[in-house]
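Asker: give me coordinates for this.
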Amino acid sequence: MKKFRYIVCLLSLATLSSCDSILDKGPLDAFTNDNFWTGEGNVSGYANTFYEQFLGYGNAGGSGDFYFNSLSDDQVGRDFDQYPNNKGVPSSSTTWRNGWIEVRRANIMIEKVSQMTTLDDAARNHWLGVARLMRAWQYYKLVRMYGNVQWVEKSLDITDEGVLYGARDDRDMVMDRVLDDLNFATQNVKDVASKTTWNRSMANAMKAEVCLYEGTFRKYRKSEDSQKAPDGAGATKFLTACKEACAAVMAKGYSLNTSYQGNYNSIDLSKNSEMILYKAYKEGLLMHSLIAYICSSTQISGMSKNAFESYLFTDGKPLALTALNKTDKAPMVDGHLSLKDILAVRDKRLSQTIDGVLLYNGRGYTRYNVGMESTASSGYGICKYDNPAIPEGFRNNTTKNYTHAPLFWLSVVYLNYAEACAELGAITNDDLNKSINLLKDRAGLPRITTAIGFSDPANNHGVSDLIWEIRRERRCELMFDNNVRYWDLVRWHQLDKLDNSKNPDILRGANVANDMSGCKADKVGEYIDGSKASIRAYDKKYYLYPIPSGQIALNPQLAPNNPGWE
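Answerer: Have a look, this model is predicted:
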C-alpha cells in the first residue's frame, strides 16, 4: 500500500485545468494505443498541455508570475514575507509533485514520438525538441529549488522500483543532462515566426535563462552553503552556452518596443517587435486578475525604498554620486504628495512602474477613475501593469482583466547576453552597445562602456563596477517580473540581502515628511515602515527548499534532507 500511495503521488495527472482536455479522459498510460499516437495533430494537442506551465498573469482569479511574488528586496509585502518554508519542513508540496508530473509527461512524449512512423524526420525532431525543452525547463525549476534530484528519462510505471525508490542524483550531473536537452531543442525546434507557439527563438531564450542561472550559480556558490565548491569550468561552459543562445535570438530581427510599459499593459502583443513568446488573454474567454489587484481597495504590495533608490538619475549616476536633485521628499500637490519632479530626473522606467503620487494609509488615491481608492504598503503604488483604456468594470473586477503577458522577450535576452559576457570576463563595448545600452536608450539614460568611470558606494555584492551596473540594469528592467529578483539573489549567492535586520531599507517605503500627521501608516522617522517590527533573519539553509517529509517517508533514499532541514 505504501508503494501504491507513492506512485500515485508522483504520477498523478489530476492537475489539468481544462475540463475538456483530452488528457482528462484518463491517465497517460491509456494513450499508448494506436488511436492516439498516430498523427501530428494529436502530438500537437498533447504538447499544448505544456503551456499550462507558463502562468503569465494568471488564470482567472489566481495569482500569476508577475507582481505577486513579493519575497525580494523590491517589494514591501502587504503581509510580512518570510524566507520560504521558514516554519519548517512541509509534509507535501504541489511544486514537488507537479514537477514530476511534468517530467513524466515529457518522457512519455519523447518515447511515443520516437516510435511514430507517420512523421517525417523534421516533424519528429521538432516534437522531440519540444518535449526535451519542457523536460529541461521542469528540471531547471526542480534543481534550483531542491538541489539534488533524481534524473528520470523514461516514463516510469509500478515496476520501476529502482528509480521510484532511488536516491537523488547530483545536481551538477542533472543540469549537464538539462543542457543536453536544451542543445537538442535549439537545434531541432522549428524556426518559425509565431509568437504564441513553439519556435526556435523561444527555445534559445529559455536556454539562455537556464544557462545564465547555472553558470553564475556554479561560479558564486560556497561549499558551506551549497555543499559544493565553485566550479569554474562548469560556470564557463554554461555561461558560454548562454551567450551563444542569446546571440542566436539577437540575430533574428527582433527589436525593442518603443514603450517599456507597453510590454506589460497591452491588450495585443501580436505586433510587438520585442516579443518572442507571449500569453494571449481574451475578453470573456481567458482572463486574469492582475490589474484588479493593483487597483484594489485592499492595500497592495508597494515598491521598497531600496528598489526605488536603485534607479539611476538621468545623468547616469546613482543616488550617492549624482549632481542632480536627489531629494525624496515629495511636495503636497492637490491633496497628495506628488512624485512628478522626483521622477523627472530618474530612469524613465521608474515613472512607468510606480504611480506619480504617493498612496498610503490615510491618503488613498483613485487611479484613472477606477472607482476605488488604493493604498500601497510602502506608499509607492504599482501602475506598471495597468491600462486605463480597459473599462472600469473590467480593470477593477477580479477574473476580468485581459491584457497580454510577456513570457520570453528581447530585453531579457539583452540582459542575459551582457551578464554572460561580463561574467566570462570578455565583454566589449560592442557587446554593451548591442544589448543593455539599447535598454538605456529607451530608459533615457547615458550609455555605459566597460570602463564605468565611477564606483557606486551601494555596491554590496563584492563584484566589479561593471557587473554591479549590469545587475542594476537587470533589476530595474525586470522590476516585479517573474520572481526574477529572488532567483537572481540565489544564483549570485546574495540571499542574505533579504535579511531586513541588516538591510532595513528593503522593508521601508516612501518619505512622507510633508504629510507626517496625515500618514497613518507605520513609520521610522520620515519613512513608511512595512516591517511591522518583524525580523526576517537569513539562514544559509534557505538556499534550498526542503524535500517534503511525506516524500521521504515514502522513499527513505531521498534522505538526508537538504542541509539545515534534516
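Asker: what about D121, how many residues nearby?
Answerer: 8 (other C-beta atoms under 10 Å). In this view, the C-beta of every residue, glycine as well, is placed from N, C-alpha and C.
Asker: and for K540, the neighbour number?
Answerer: 15.
Asker: hey, which helix is longest across this structure?
Answerer: helix 121-146 (DSSP state H).
Asker: could you give the mean pLDDT of it?
Answerer: On average, the pLDDT along helix 121-146 is 97.
Asker: over to stretch 428-447?
Answerer: Per-residue scores along stretch 428-447 average to 98.
Asker: could you check the pLDDT of S374?
Answerer: 89.
Asker: in this structure it contacts S297, no?
Answerer: Yes: with contacts counted by C-beta atoms under 8 Å, S374 reaches S297, the gap being 6.8 Å.
Asker: and the two? which has more neighbours close in?
Answerer: S374 (25 against 14).
Asker: relative to G45, how far out is the more buried one?
Answerer: Going from S374 to G45 by C-beta to C-beta, to the nearest Å gives 42 Å.
Asker: can you check M250 too?
Answerer: On the measure of C-beta to C-beta, M250 and G45 end up 33 Å apart.
Asker: returning to that earlier point: just checking, what packs against the longest helix of the chain?
Answerer: Helix 121-146 sits against helix 40-48, helix 94-115, helix 171-188, helix 200-220, helix 484-491, with contacts defined as 3 or more C-beta pairs under 8 Å, 6 or more residues apart in numbering; DSSP states H and E.
Asker: average model confidence for the first one?
Answerer: Confidence over helix 40-48, taken as the mean pLDDT, stands at 95.
Asker: quick one: the helix or strand just after that helix to chain centroid distance?
Answerer: Reading on from helix 40-48 to the C-terminus, the next helix or strand found by DSSP states H and E is strand 75-76. Distance, stretch centre to chain centre, for strand 75-76: 16 Å (C-alpha atoms, centre = their mean, to the nearest Å).
Asker: helices or strands next to strand 75-76 in the packing?
Answerer: So strand 75-76, by 3+ C-beta pairs under 8 Å, 6+ apart, packs with strand 302-303.
Asker: what residues are shared contacts of S374 and S297?
Answerer: G364 (C-beta atoms under 8 Å, 6 or more residues apart in numbering).
Asker: give me the mean pLDDT for stretch 324-339.
Answerer: 97.
Asker: buried residues, it. List them.
Answerer: Buried residues in stretch 324-339, counted by 16 or more other C-beta atoms under 10 Å: K326, A330, H336, L337, S338, L339.
Asker: what's the farthest-apart pair in these?
Answerer: K326 and H336 (21.5 Å; C-beta to C-beta).
Asker: distance to Q352 added to the buried residues of stretch 324-339, as JSON lines?
Answerer: Shown next, in JSON lines, are those (distance: C-beta to C-beta, whole Å):
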{"residue": "K326", "distance to Q352": "21"}
{"residue": "A330", "distance to Q352": "18"}
{"residue": "H336", "distance to Q352": "19"}
{"residue": "L337", "distance to Q352": "19"}
{"residue": "S338", "distance to Q352": "17"}
{"residue": "L339", "distance to Q352": "12"}
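Asker: in contact with the residue nearest to I528 when sequence neighbours are not counted, which residues are there?
Answerer: Among residues not flanking I528 along the chain, G509 sits closest, at 3.6 Å (C-beta to C-beta, 6 or more residues apart in numbering). By C-beta under 8 Å, 6+ apart, the residues touching G509 are 76, 302-305, 360, 376-380, 521, 527-530.
Asker: which ones among these lie within strands?
Answerer: Those of those mapping onto strands are V76, G302, M303, Y527, I528, D529, per DSSP state E.
Asker: redo those as JSON lines? Include pLDDT, neighbour count and distance to T118.
Answerer: As requested, the ones in strands among the contacts of G509 are exported to JSON lines (pLDDT from 0 to 100; neighbours: other C-beta atoms under 10 Å; distance: C-beta to C-beta, whole Å):
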{"residue": "V76", "pLDDT": "89", "neighbour count": "31", "distance to T118": "56"}
{"residue": "G302", "pLDDT": "93", "neighbour count": "33", "distance to T118": "55"}
{"residue": "M303", "pLDDT": "95", "neighbour count": "28", "distance to T118": "54"}
{"residue": "Y527", "pLDDT": "97", "neighbour count": "21", "distance to T118": "66"}
{"residue": "I528", "pLDDT": "95", "neighbour count": "26", "distance to T118": "63"}
{"residue": "D529", "pLDDT": "91", "neighbour count": "19", "distance to T118": "64"}
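Asker: biggest separation within the residues you listed, which pair?
Answerer: By the measure C-beta to C-beta, M303 and D529 form the most distant pair in the ones in strands among the contacts of G509, at 14.4 Å.
Asker: show me what contacts F308?
Answerer: F308 neighbours (C-beta under 8 Å, 6+ apart): D328, L350, I354, Y380, A510.
Asker: can you list phi and psi of it for me?
Answerer: Torsion angles at F308 (phi, psi; degrees, to the nearest 10) stand at phi -50, psi -40.
Asker: from D181, how far off is it?
Answerer: When F308 is compared with D181 (using C-beta to C-beta), they lie 40 Å apart.
Asker: cool, K252 as well?
Answerer: Taking C-beta to C-beta, one finds K252 at 22 Å from D181.
Asker: kindly report the same for K237.
Answerer: From K237 to D181 the distance is 15 Å (C-beta to C-beta).
Asker: who's more crowded, these two?
Answerer: D181 (25 against 17).
Asker: quick one, what contacts the more buried one?
Answerer: R132, L133, R135, A136, Y139.
Asker: the second one against A205, yeah?
Answerer: No: under the criterion of C-beta under 8 Å, L133 lies out of contact with A205, with a separation of 10.9 Å.
Asker: can you classify the spatially most central residue of the chain as helix, strand or coil?
Answerer: Nearest residue to the geometric centre of the chain (C-alpha atoms, centre = their mean): N482, 2.6 Å. Per DSSP: H, G, I helix; E, B strand; the rest coil, the secondary structure class of N482 is coil.
Asker: surely it and F66 touch.
Answerer: Yes: if you go by C-beta under 8 Å, N482 and F66 touch, sitting 6.5 Å apart.
Asker: report pLDDT for C295.
Answerer: 86.
Asker: one step back: give me the buried entries from the contacts of D181.
Answerer: R132, L133, R135, A136, Y139.
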